[in-house]
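Asker: sequence? don't have it. structure:
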DNA sequence: CTGGATACGTA
DNA sequence: CGTACGTATCCAGT
């Protein structure tokens, strides 16, 4: 495979990260490598590409990448001007080092640094350790000082040009090039000098002269001792520079005994974290490298522990006595994995294994498993099972609790309780920005094990399963059960370490069941009204379309931005709007602006009317499609999508039903009270985010305003504009309102000016007046970003974290995006915490009072409930109490409640 | 058929 | 050059 490494010896690959990244940076054109967000990636790409080549060619068994630290080294202490005179690091390079670090982490390659030392010293130390342990050692660096390490075991790969041409500098190659053996290379370098390190050598002395002297006097010491014997101009120059040469030699000696946090046994090669690589390479838009990398590590070479996980035999439990006996004997907690056929759970697979320390030392074989055929249980067994499932004192672990809960409750009326962990939720609390919480992804990421089937067992729906397939499904489920238990052990410990155990067990886990109930309930839809709306909107669409076509004298697809651009900017020759990737935007803001500038161009007016109507029809049609057989619409809430802690709603999304326009609001008439219930109730928090801001900032004026029940925007307006509250005009009020909300989003004066259609100067003075009056708000917002930058994350009032690594990015766009996210996350996230607590309170309150009313929808700051006959008053009081009492802030939480037969009518 | 880009609804 | 989402459509790529 390679010419110099022996196949029987382990190979240690050591890379000087900074040096090679820098080479890569200059080898590849920076303008050709950047992401859509403007992050330059040429060094990352070049470095990673080089690394993949090296892994392929050299097949190292061990690997490390050494980096310099920005802190001074002992060399700086010895020589003020060490490395001085280097031109400043190009801006485009900064930050790519961090990204390379992230690539290495994802590849499971250790990076090594040492305070007070350079990467070279780290490499020299590891190379020496490797050599002592009888490794073949390869050093990849653009720093010639490394030549001193070369010997029979150590070879330097020194870039000739770029980062792909890496000739092997073994002892013979060094000697051929520099006329001295490797161990004397630093002697030679001391005489010749090293520009890169700002170490001037002896003028007029090049490698040839230096080598001659070194050979003649047996090393640098000899040369210095006999300096006065050396004749000629070069000898004179040497005598004038003796101190420089001694200093050079002192500085270019690499340290081979640096104390390092890692040893060789930490540096074994392992496969990359596929998911992390995918995520990172996608983000960096260097996807072409993925196949090259994964080609190196064929699936079978991934660190698959599947075969090490021996799924336990599954004891078939049918009789009540068997069931109880098994459950009594199983160590806690029990992993619960349902097998699904269609939408119905047919079999439950139960797995348990003692935690390390809980059982025997060699606990590997102690896992136990059982399966329960749900279709073949007699009444006593059914009762025993139901008792255990509903026993909150019987600890269980499941993946995707809400789905399992619905499956059992909806399909078989079995109520699940006592779930102590769900990795799809604990994984989310640990890393709310992840995009997948599939069992396999989590296992790979957190446990470094790779399971082939990431789907919960039982995703298949084939009706006629052969026996073998059935066995496979059972074995997969059993294996997933084990993974579930181990994952849960890890995640639970991590959450506890962080102090977030309560957030998990007292908020998210119980909420999953509440959401499950809401999804099962759904909300009744008025079918007749839906079709009436479809007709109305269709009429409006047709009219608008006819009008638009009449103006331009031809028929186009009004839904095609491309065709719209051609008509608006070419045919009609109207002024250009904001530039976007595909030309000029035709979004509503821009069109509205154009209408103003063209004095109401009829095509544009018709276009907006068309857009409005078709958007509404589209929404209505979506709803029509999602009405279930029970005449109700069942949305799905996703508990682990929004990085701030909010819920999201999908299939259909009931959190974006129109309300702002009269026409749109009519869609809310579709959502009505269902049979057996009296009315709908809506309850929402007023200005919850502003109240949270007042609370978190501790701004006395703002807090007092809320306590006094003032009209918030009027109050703020009176302070900002310096007028009496009653003299605040509607225009002033709306400006202040926009600004107040904008602040929580990191709004800039530019953004404010654009939104309010005022000058940037006016926007800026508006903001400074605002902050002059509400200084604590400014201090708070500033503090959030500082703290987040320091800690790496933001926190909500319930301790929910969001990690924002981009806060320290040197890419301005990325960094500023992270800063705005940091401003918003604690506010939006705290609001999410509060309404989630309120939902739990309402749910428990309803149960405790024995009411029949139920919660149906959550829309971030609003709840919609279905009220049973005669429960209006009690429920109103209960909801108010629970929502208002969900947090103890320094301001009251105002809740407004409305009743009505439809969502529209219940608004207030 | 998939995915990016665009547009737009909500809090 | 305002956060957080989900969905529909068009269109160019596979």
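Answerer: Thanks, I have the structure now. Given the structure is predicted, the values throughout are model-derived calculations rather than measurements.

Asker: what is the burial count for the residue of chain A found nearest DNA strand C?
Answerer: Taking CB to the nearest atom of the strand as the measure, the point where chain A comes nearest DNA strand C is residue A:751, at 2.2 Å. The way it works is simple: take the backbone N, C-alpha and C, and place the C-beta from them, glycine included. Each residue near residue A:751 was counted by other CB atoms under 10 Å, and the total is 15.

Asker: leaving aside the residues next to it on the chain, what's closest to residue A:654?
Answerer: Spatial nearest neighbour of residue A:654, excluding adjacent residues (CB to CB, 6 or more residues apart in numbering): residue A:635 at 4.5 Å.

Asker: what helix or strand is the closest residue to the residue of chain A closest to DNA strand C other than its chain neighbours on?
Answerer: With CB to CB, 6+ apart as the criterion, residue A:751 has its nearest non-adjacent residue at 6.8 Å, and that residue is residue A:742. With the criterion set as DSSP states H and E, the secondary-structure element containing residue A:742 is helix A:730-743.

Asker: following that helix, which helix or strand comes up?
Answerer: Using DSSP H and E, the helix or strand that follows helix A:730-743 towards the C-terminus is helix A:749-756.

Asker: please identify the buried residues of that next one?
Answerer: Neighbour-count burial for helix A:749-756, counted by 16 or more other CB atoms under 10 Å, picks out A:749, A:752, A:753, A:756.

Asker: as CSV, these with distance to residue A:440 would be great.
Answerer: What follows is these, written out as CSV (distance: CB to CB, whole Å):
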residue, distance to residue A:440
A:749, 47
A:752, 46
A:753, 49
A:756, 49
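
Asker: and which of those is nearest DNA strand B?
Answerer: Nearest to DNA strand B among those, with distances taken as CB to the nearest atom of the strand, is residue A:752, at 15.6 Å.

Asker: how far away is the closest one from residue A:438?
Answerer: Taking CB to CB, to the nearest Å as the measure, residue A:752 falls 42 Å from residue A:438.

Asker: can the helix holding residue A:742 be said to contact DNA strand B?
Answerer: No. For helix A:730-743 and DNA strand B, the contact criterion (CB under 7 Å from any atom of the strand) is not met; the two come no nearer than 9.1 Å.

Asker: what's that helix in contact with?
Answerer: A:689-690, A:693, A:712-714, A:716-717, A:720-721, A:723, A:728, A:747, A:751-752, A:755-756, A:758, A:766-767, A:770, A:777, A:781, A:823 (CB atoms under 8 Å, 6 or more residues apart in numbering).

Asker: how about stretch A:268-277?
Answerer: Contacts made with stretch A:268-277 from outside it, assessed by CB under 8 Å, 6+ apart, are listed as A:60-63, A:103, A:105-108, A:290, A:293-294, A:297, A:301-303, A:436, A:441, A:444-445, A:448, A:450.

Asker: can you tell me which of the residues you listed are in helices?
Answerer: Restricting the contacts of stretch A:268-277 to those inside helices, with DSSP state H as the criterion, leaves A:103, A:105, A:106, A:290, A:293, A:294, A:441.

Asker: ramachandran angles for the closest residue to DNA strand B within the stretch 251-400 of chain A?
Answerer: Using CB to the nearest atom of the strand, the point where the stretch 251-400 of chain A gets nearest to DNA strand B is residue A:282, with a distance of 7.2 Å. Per-residue torsions, residue A:282: phi -60, psi -50 (degrees, to the nearest 10).

Asker: what's the neighbour count on it?
Answerer: Using other CB under 10 Å, residue A:282 has 12 other residues around it.

Asker: ok, residue A:390 next?
Answerer: 14.

Asker: okay, it: pLDDT?
Answerer: If you check residue A:390, the pLDDT there is 97.

Asker: could you find the closest non-adjacent residue to the closest residue to DNA strand B within the stretch 51-200 of chain A?
Answerer: When you check the stretch 51-200 of chain A against DNA strand B by CB to the nearest atom of the strand, the closest residue turns out to be residue A:106, at 18.6 Å. The shortest distance from residue A:106 to any non-neighbouring residue, by CB to CB, 6+ apart, is to residue A:276 (3.8 Å).

Asker: pLDDT wise, what is the one you found at?
Answerer: At residue A:276, the pLDDT value in this model is 79.

Asker: can you pull the contacts of residue A:631?
Answerer: If you count contacts by CB under 8 Å, 6+ apart, residue A:631 has them with A:524, A:525, A:527, A:674.
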